[in-house]
Structure formats: C-alpha cells, structure tokens
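[1] My questions concern the predicted model and sequence given below.
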There are 2 protein chains.
Amino acid sequence: MSRRKPQEAAVAESGGRQRLIEAALKLAAKSRSVQTIGVRALGRAAGLNPNTFYRHFSCMDDLALALIETLSHDLRQTLRQMRHSLRQPDAVIQRTVEYVFEFADRNPEAFIVGVRELYGASPAVRAALRQMISGLADDIVDDTRLLETAPDVPEETLREIAEMIVPQIFHNVLDYLERPSRRTLLLHQSVRFVAMLFAGAAALEGKTVARK
Amino acid sequence: MSRRKPQEAAVAESGGRQRLIEAALKLAAKSRSVQTIGVRALGRAAGLNPNTFYRHFSCMDDLALALIETLSHDLRQTLRQMRHSLRQPDAVIQRTVEYVFEFADRNPEAFIVGVRELYGASPAVRAALRQMISGLADDIVDDTRLLETAPDVPEETLREIAEMIVPQIFHNVLDYLERPSRRTLLLHQSVRFVAMLFAGAAALEGKTVARK
DNA sequence: ACACATGGTAGACATTCGTATACATTGATG
DNA sequence: CATCAATGTATACGAATGTCTACCATGTGT
C-alpha cells in the first residue's frame, strides 16, 4: 500500500522517508530492535523533527516492514542476477554462498537487523521475514531443479531442505560479520553444510525408498 | 561469581532475586528484549520496588546472564539424564529431538528469550548463549562417538555438524512453540534434518577421502 | 489566482524512566 | 546487647519519551 505515484513527490522524495529508513537501519544494527529506537532518537539521527516520522509511518512496525521489503527485494534480485550470469552449473553452491556473504558484507546492518527481527518481538515483522525466507527457499528449489544439482531428491524434500538452509546461512552470516578472523572458515563450513544436506537427502532417499 | 553460601540468606532468598528473574522471563518473552524491559516495569511485574533490582543485579545484562545460566544448566542436565536413561542406542536422534521439544514445551519463555537474545543487542549475552550452544554441541559430539551413531565421520566434522544442529533446532523449536498445528511436522523435519547431516557427512567423507 | 495536499517544523503536555538518597526490617556475628 | 550486612521500601529529581495541536513552505490542479 501507499505506493508513490511517479508524478508526486518528485523532489521531496529525496528527503525524509529514505533518510528515516537509513537512520533506523544504522541505529537498530548497533543498539536495539527497530521497535525500541524511539521516534525522537530516530528523528535526531536522521536530522529531522521527531514528528516527521508520522508523516511517513504510522508506527515503528510500519518502518520495519518497509525496511524488510527493501532488504528482501535487494537480496533476492542480487541472487537472481548472479544465478543468471551462471552459465555452466559449476560449483553452484559455492558461488551462491559466496554471493550471499558478499552481499552481507556490503549490507551488514540490513542483515543484522533482519536476523534480529526474525526472532524479535513483533509478530508482523517476523511474519514478513519468514515470507522473505520462504521466497528465498523457492529460489533455491527452482535453481536446484533447473541445474539438476540434486536429481535424486524429490521436490518435497528439496523444499524442506531449502527452508532450513536459509536461516542457517543467516546464522553463519552473522558470525561472519562479527568475527572477521573466521571469515574463510565460515564460508567453507557453510558450503559444506549445504553440500551435506543435499548428499544426505540423496542418501536417505536411497535407503528409505529403494536401494539403488 | 556471587554464589550464595548456604548459611546466609536462608530465608530472604525465597523472595526478590528469583521473582525478578521469573518476571523478567515472562516480560521478555511476550514483549521485548531483556535489556529494554526497564527496572520499573520489572519491579512492577515482580511486585517489588524498582530499586530492589539493584540489590541483586548491577544492570540488565547481569540479569540476562543469570537467566541464561539457569536455562543452560536446566537444559543440559535434562538432556544428560535422558541420555543416561537410554540403554540401547535405538533411534537416538529421534529421542533426543523429542526431548528438546518437550523441554521447550515446558519452558517456552526461556526458549523464546534465549533465541531472541542470541541475536540481540548485547554482546555479553550473545557470548554467553554461544557458549551454551558450544556446550550442547560438545554433548552431541560425545554422544555420537559413544553410541557410534556415525562411525564414518571424523571428530572434526562431527563438531562442525553439531555446532550447526543446535541453532537450527532452536529455530525449529520457535516455530514449534508458535504454531501448534505444525508440531508433529516440525518434529519430524528436525529429526530428518539431523539424519541428513550425518548421512551427508558420511557420504561426502566417502567421496573426498576414499571410495569405499 | 486560489485552494489544497504533502512534507517538515515548533512547542507543549503528561508520562515514564533511571537512579540517587535516605530509611526500615531482619538475621547473623561479636 | 550492639553491630553490621543484606534485603526491601519511600521519595524525589532530572532527563527522555510519545504524541497532540498549530504553523510554515512548496508544488500541483483547477
């Protein structure tokens, strides 16, 4: 809702709303949850009057949802275009994981806030983030079927795996951001994690359904 | 630190401190993070004067750490004694996961707060929770080696897996607590997840080291 | 030319918060 | 009995907060 039509706010758009979102990102990443920033502190950080907040958002959840929408769009689009540039399916997992970590490196605050709010206090925000995760899982499933990375695994199991990969990678990304010394290790472990899940799914499939 | 000697505070102990911890658990689970509860709201919820808080804790992080220590102790001890009652290693994974979920069902607030703070704003609290996870991972490794659930997997890989299992299970536990309709599904998926990791590790081991 | 919606500001209000100081009770120790 | 530490209470103060009302600037539509 409240999609801005192109003609209106052509000039004023450069100001308030975006600055509030960016300030909220910065504050939430290093201090607390989005809900507990407070409109005054937010206005202060954005160089705006506290009341200006209410011109754009009805409450903090509103802002958080806008923030998530941006993050979700950016991340998913980034991964889509990377996957598009992959012509030969060579080391898909490695490349994808690397890309996610790079993205996190470029948008650390967004990731920190995203994961934090995923387990945060606001049900609406949690739901939005779960939907984002679900979307990313969809992409993983599509990719895997398209590139035939795991042909032995049925689609249902694939989706199950994908839904688990995303939060686990997010968890690792936070470590990655916090402990730079562990970067290569975490990247390596994340790749191995995904590979293990695929291999394990194939192995279990072979065991429970039919001995190949 | 600040371990209470047996002779002192024999009577007064039943009051303040414990009630503050319990109230904080309740408030943090349904509202916000521990840090943002506020000493006044906490005192109100505990039926105590706001200042009483400072008789027991120097700041909110202090309380959070005490809370985590309790959770960590309870959870780990519960799992230890369950594992002790397991005589034949039949469906160890299934039993263990079930036990964790049952524990979460009996202590939902502790789990919610624990996971929330794991990605929260306080570095000290996050560190304490990571240490708890590390301890649980230790137990998993010990169990697996003892019961020879995955004899093909080297200890190093085992530890790597264990460190990933715990947060993933925690993630699933939160879903489990929030969406009762998905309970059996989530339990099933969690078991499969662990099984996949073990099977996958064994499979990768066979591939990268030597064709069996 | 005029009204008007939009984005931003200013000031004020009650409320809440953290914490400092001072005081009361109680149980143990000398 | 006197003392002392631990626990809890009462009061009070300055600072910060959410939000209300009113005012201002500007670009757009008629």
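    That came through fine.
[2] tally of neighbours for the nearest residue to A:Val113 once chain neighbours are set aside?
    Leaving aside its sequence neighbours, A:Val113 sits nearest to A:Ala28 (CB to CB, 6 or more residues apart in numbering or on different chains; 4.6 Å). No exception for glycine: its C-beta is placed from N, CA and C like everyone else's. Per other CB atoms under 10 Å in any protein chain shown, the neighbour tally for A:Ala28 reads 28.
[3] do the host helix or strand of A:Ala28 and DNA strand D meet?
    Using DSSP states H and E, A:Ala28 maps to helix A:16-30. No. Helix A:16-30 lies apart from DNA strand D when judged by CB under 7 Å from any atom of the strand; the minimum separation is 10.4 Å.
[4] hang on, the earlier thing: for the residue nearest to A:Val113, what are its contacts?
    Neighbouring residues of A:Ala28 by CB atoms under 8 Å, 6 or more residues apart in numbering or on different chains: A:34, A:37, A:109, A:112-113, A:116.
[5] Compile those into JSON lines and extend it with columns for distance to DNA strand D.
    Shown next, in JSON lines, are the contacts of A:Ala28 (distance: CB to the nearest atom of the strand, whole Å):
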{"residue": "A:Val34", "distance to DNA strand D": "11"}
{"residue": "A:Ile37", "distance to DNA strand D": "7"}
{"residue": "A:Glu109", "distance to DNA strand D": "20"}
{"residue": "A:Ile112", "distance to DNA strand D": "21"}
{"residue": "A:Val113", "distance to DNA strand D": "17"}
{"residue": "A:Arg116", "distance to DNA strand D": "18"}
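[6] Smallest gap between chain A and DNA strand D, at which residue?
    Closest approach of chain A to DNA strand D (CB to the nearest atom of the strand) occurs at A:Gly38, with a separation of 3.0 Å.
[7] about what we covered before: wait, does the helix holding A:Ala28 contact DNA strand C?
    Yes. Contact of helix A:16-30 with DNA strand C (CB under 7 Å from any atom of the strand) involves A:16-17.
[8] Which SSE is immediately downstream of that helix?
    Counting by DSSP H and E, what follows helix A:16-30 is helix A:39-46.
[9] Just the buried residues of the helix holding A:Ala28, please?
    A:16-17, A:19-21, A:23-25, A:27-29 (16 or more other CB atoms under 10 Å in any protein chain shown).
[10] Could you measure from whatever residue of chain A ends up closest to DNA strand C over to A:Pro180?
    Nearest residue of chain A to DNA strand C (CB to the nearest atom of the strand) works out as A:Gly16 at 2.3 Å. As judged by CB to CB, to the nearest Å, A:Gly16 and A:Pro180 stand 35 Å apart.
[11] just A:Glu160 next, same as before
    Using CB to CB, A:Glu160 is found at 33 Å from A:Pro180.
[12] and if you look at A:Asn51?
    40 Å.
[13] Run through the residues that contact the residue in chain A that chain B sits nearest to.
    The minimum distance from chain A to chain B, using CB to the nearest CB, falls at A:Gly200 (2.9 Å). Applying CB under 8 Å, 6+ apart to A:Gly200 gives the contacts B:195-201, B:203.
[14] Recalculate using a threshold of 6 Å.
    Going by CB atoms under 6 Å, 6 or more residues apart in numbering or on different chains, A:Gly200 touches B:196-197, B:199-200.
[15] Please identify which pair of these lies farthest apart.
    B:Leu197 and B:Ala199 (7.4 Å; CB to CB).
[16] the more surrounded of these two?
    Each of B:Leu197 and B:Ala199 has its neighbours counted (other CB under 10 Å); B:Leu197 has more, 27 against 24.
[17] tell me the SS of that one?
    Following DSSP: H, G, I helix; E, B strand; the rest coil, the label given to B:Leu197 is helix.
[18] how close does it get to B:Tyr176?
    19 Å.
[19] and if you look at A:Asp139?
    25 Å.
[20] For stretch A:168-186, buried residues please.
    Within stretch A:168-186, the residues scored as buried using 16+ other CB under 10 Å are A:168-177, A:186.
[21] Pull the most distant pair out of these.
    Once CB to CB is applied, those give A:Gln168 and A:Leu177 as the farthest pair, at 15.2 Å.
[22] can you give me the strands in chain A?
    Applying DSSP state E to chain A gives no strands.
[23] Show me which residues of it sit near chain B.
    A:32, A:36, A:115-116, A:119, A:121, A:160, A:164, A:167-168, A:171, A:189, A:193, A:196-197, A:199-201, A:203-204 (CB under 6 Å from any CB of the partner chain).
[24] In helices, which of those appear?
    The helices, defined by DSSP state H, take in A:115-116, A:160, A:164, A:167-168, A:171, A:189, A:193, A:196-197, A:199-201, A:203-204 from the residues of chain A next to chain B.
[25] where does chain A dip in pLDDT?
    A:1-14, A:87-89, A:207-212 (pLDDT under 70).
[26] what about 90?
    Chain A contains residues with pLDDT under 90 at A:1-16, A:30-32, A:80-93, A:143-153, A:204-212.
[27] Identify the residues contacting the residue nearest to A:Ala137 when sequence neighbours are not counted.
    In space, and not counting its chain neighbours, A:Ala137 is closest to A:Ala162: 3.8 Å by CB to CB, 6+ apart. Going by CB under 6 Å, 6+ apart, A:Ala162 touches A:137, A:140-141.
[28] and what of A:Val34?
    Per CB under 6 Å, 6+ apart, neighbours of A:Val34: A:28, A:60, A:64.
[29] what's the span of stretch A:28-38, first residue to last?
    Distance across stretch A:28-38, first residue to last, is 10 Å (CA to CA, to the nearest Å).
[30] if we can go back for a sec, can you get me a residue count around the residue of chain A closest to DNA strand D?
    14.
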